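In: Got a predicted model here, sequence first, then my questions.
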Amino acid sequence: MKKNDVILIAVLLTAALAVFGGMALFSAKSTKDAEAVVYLEGEEQGRYPLDQDASVKIEAASGGYNILEIHGGKADITEASCPDKICVNHRPVNHQGESLVCLPNEVVVEIVNGGEPAMDTSTR
């Protein structure tokens, strides 16, 4: 290896570590005041902070159910009575605006940070 190759590798590794550190810092900040808001048939059923572990059974009027697990700052549906299990196979969520949806049971779990999101643009 030549001297320039070693310098290039060092620069690339430093840049990769800086990006990874920034992502880890952003991830830690984004879940500080975050809550999982549960909607059943379009109506809010409860709010659960992501910084407290919890297990919640969400029961629909049709007899269906979903189990919402909050662990390690992330919300996840671990069990459901629906036939397709798309909500169970979805990855856990923890960032503002992410959601878990179970259409057969009409359950939506949305992540909010407690405050109003900043407006990106204005329309008339």
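Out: All right, it came through fine. Residues are numbered from 1 along each chain as shown.

In: Low-confidence stretches in the chain?
Out: Residues of the chain meeting the criterion pLDDT under 70: 26-32, 114-124.

In: what residue lies at the spatial centre of it?
Out: Closest residue to the average C-alpha location of the chain: V93 at 1.9 Å, with CA atoms, centre = their mean.

In: Name the nearest residue to G97, sequence neighbours excluded.
Out: Nearest residue to G97, sequence neighbours excluded (CB to CB, 6 or more residues apart in numbering): I111, at 6.8 Å. Just so you know, the C-beta spots here come from the backbone N, C-alpha and C atoms, and that holds for glycine as well.

In: Do a quick rundown of the strands in the protein.
Out: With DSSP state E as the criterion, the chain has strands at 35-40, 43-49, 54-59, 65-71, 74-80, 99-102, 107-112.

In: For V38, grab the count of nearby residues.
Out: V38 has 21 neighbouring residues, counting by other CB atoms under 10 Å.

In: Was I right to think it contacts I58?
Out: Yes - shown here, V38 and I58 form a contact pair, counting by CB atoms under 8 Å, at 6.0 Å.

In: so what's in contact with those two at the same time?
Out: Counting by CB atoms under 8 Å, 6 or more residues apart in numbering, the shared contacts of V38 and I58 are Q45, L68, V107.

In: Nothing else from me, thank you.
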